[in-house]
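Asker: just need the structure, nothing else, for what follows:
(one chain, ligands or ions: 1)
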Amino acid sequence: MEIVFASNNEHKLQEIRQIAGDRFKVLSLADIGCDADITEDGDTLEANARIKARYVASRYGRDCFADDTGLEVEALDGAPGVHSARFAPGTGHDSAANTALLLEKLEGKDNRRARFRTAICLIIGGEEHMFEGIVDGEITTTPAGKAGFGYDPVFRPDGWTATFADASAEEKNSVSHRRRALDNMMKFLDEKID
Ligand code: IMP
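Answerer: Sure thing, here's the model as predicted:
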């Protein structure tokens with residue numbers, strides 16, 4: 001069985017292929033000849049995941065799935081959320097600027113609770129299914145660690161003494177929001193395939 005992951009992000013593809021094992025073959029957008037930069041202008045993570053999955057399903061007639069992730073901070077009413085990649089004004093995907101702005105907004109606040117949340121939209125046999133993965137934790141007061149990406153240097157998962165950026169890829173991927181959302185989708189697909 002083949003399934004398209006609506007992304008060309010090599011890092012995510014590797015992670016997903018590792019989790020899928022030989023249960024099914026995960027194809028990238030490049031594998032199906034799609035070089036579109038799909039506009040993610042939804043108001044929620046779910047809407048963005050749906051936009052990407054529907055794009056592939058409608059144009060290529062393929063079973064597919066797409067994901068979107070955000071950091072939701074309690075004291076900021078869930079921000080940056082769906083705007084996580086472009087939190088700092090005037091920048092795009094500037095992790096250092098995004099992280100600096102987050103720490104600035106939380107200065108003096110006691111509540112530093114936050115969570116990473118991933119939404120996955122799967123379209124299989126023309127039917128849509130949504131999956132979610134969450135990891136709860138806290139925003140540290142200073143960045144620590146060099147691994148990972150995005151907000152990893154300031155996110156400490158519950159039960160950890162280190163940030164995600166202090167952990168190896170294996171350690172992070174074993175508990176991450178993306179991993180949990182993928183596991184939920186895999187469970188569903190395993191039941192469907194059986
Ligand atoms: P995307 O859904 O993977 O494109 O993620 C959107 C934004 O959320 C990224 O640009 C990062 O700023 C942030 N983000 C997503 N996943 C992670 C993660 O695992 N660690 C840290 N930041 C992340």
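Asker: touching, residue 132 and residue 117? I think so.
Answerer: Yes. With contact defined as Cβ atoms under 8 Å, residue 132 reaches residue 117; the gap is 6.7 Å. From N, CA and C alone the C-beta is placed, and that goes for glycine too.
Asker: comparing those two, which residue is more hemmed in?
Answerer: residue 117 (24 against 15; other Cβ atoms under 10 Å).
Asker: list the contacts for the more buried one?
Answerer: By Cβ atoms under 8 Å, 6 or more residues apart in numbering, the residues touching residue 117 are 45, 69-70, 72, 132-134, 177.
Asker: what about it, which SS state?
Answerer: At residue 117, secondary structure determined by DSSP: H, G, I helix; E, B strand; the rest coil is strand.
Asker: residue 125 versus residue 161, what's the distance?
Answerer: Separation of residue 161 from residue 125 (Cβ to Cβ, to the nearest Å): 45 Å.
Asker: typo on my end, residue 167
Answerer: For residue 167 relative to residue 125 (Cβ to Cβ), the value is 38 Å.
Asker: more neighbours, those two?
Answerer: residue 167 (20 against 6).
Asker: contact partners for the more buried one?
Answerer: By Cβ under 8 Å, 6+ apart, the neighbours of residue 167 are 145, 147-148, 160.
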